[in-house]
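Asks: below: sequence and its predicted model.
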Amino acid sequence: MAGNFFSIRCDDCENEQVVFGKVASVVDCAVCGSTLATPTGGEADFHGEVLEVVEAR
C-alpha cells in the first residue's frame with residue numbers, strides 16, 4: 001500500500017514540513033507545536049497549506 005509525502009506550511013509560524021499523506025497519529029509542527037495533520041483512516045486531514053507533493057509512490 002503506497003502513499004504520498006506532502007510539503008505542508010504551518011498556518012501559525014510559516015514553517016514548512018514534510019508529512020506522510022496517511023498519518024497514523026497526529027503530526028505537530030516541529031517549530032511551534034500546532035497541529036499539521038490528523039489521521040482519518042485514509043488520507044490525512046491537513047491543517048496547513050499543502051505546498052506540493054514531495055514524492056509520489
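Replies: Yep, that arrived. Residues are numbered from 1 along each chain as shown.
Asks: the longest strand anywhere in the chain packs against which elements?
Replies: If you go by DSSP state E, the chain has its longest strand at strand 49-55. For strand 49-55, the elements it packs on are strand 5-9, judged by 3 or more Cβ pairs under 8 Å, 6 or more residues apart in numbering; DSSP states H and E. Just so you know, the C-beta spots here come from the backbone N, C-alpha and C atoms, and that holds for glycine as well.
Asks: which strands or helices does the strand it packs on pack on?
Replies: Contacts defined by 3+ Cβ pairs under 8 Å, 6+ apart place strand 5-9 against strand 16-20, strand 49-55.
Asks: please identify the deepest-packed of those.
Replies: strand 16-20 (a mean of 16; mean count of other Cβ atoms under 10 Å).
Asks: now that one and strand 49-55, what's the angle there?
Replies: 60 degrees (axes from the mean of the first three to the mean of the last three Cα atoms, to 10 degrees).
Asks: how far off strand 5-9 does strand 16-20 point, in degrees?
Replies: Calculated by the same axes, to 10 degrees, strand 16-20 forms an angle of 150 degrees with strand 5-9.
Asks: export strand 16-20 as PDB, just CAs?
Replies: Only the C-alpha atoms of strand 16-20 are listed here, as PDB (Å, rounded to 0.1, in the frame of the first residue of the first chain):
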ATOM      1  CA  GLU A  16       7.500  24.100   6.000                       C
ATOM      2  CA  GLN A  17       7.400  20.400   7.000                       C
ATOM      3  CA  VAL A  18       7.200  17.100   5.000                       C
ATOM      4  CA  VAL A  19       4.300  14.900   6.200                       C
ATOM      5  CA  PHE A  20       3.200  11.400   5.000                       C
END
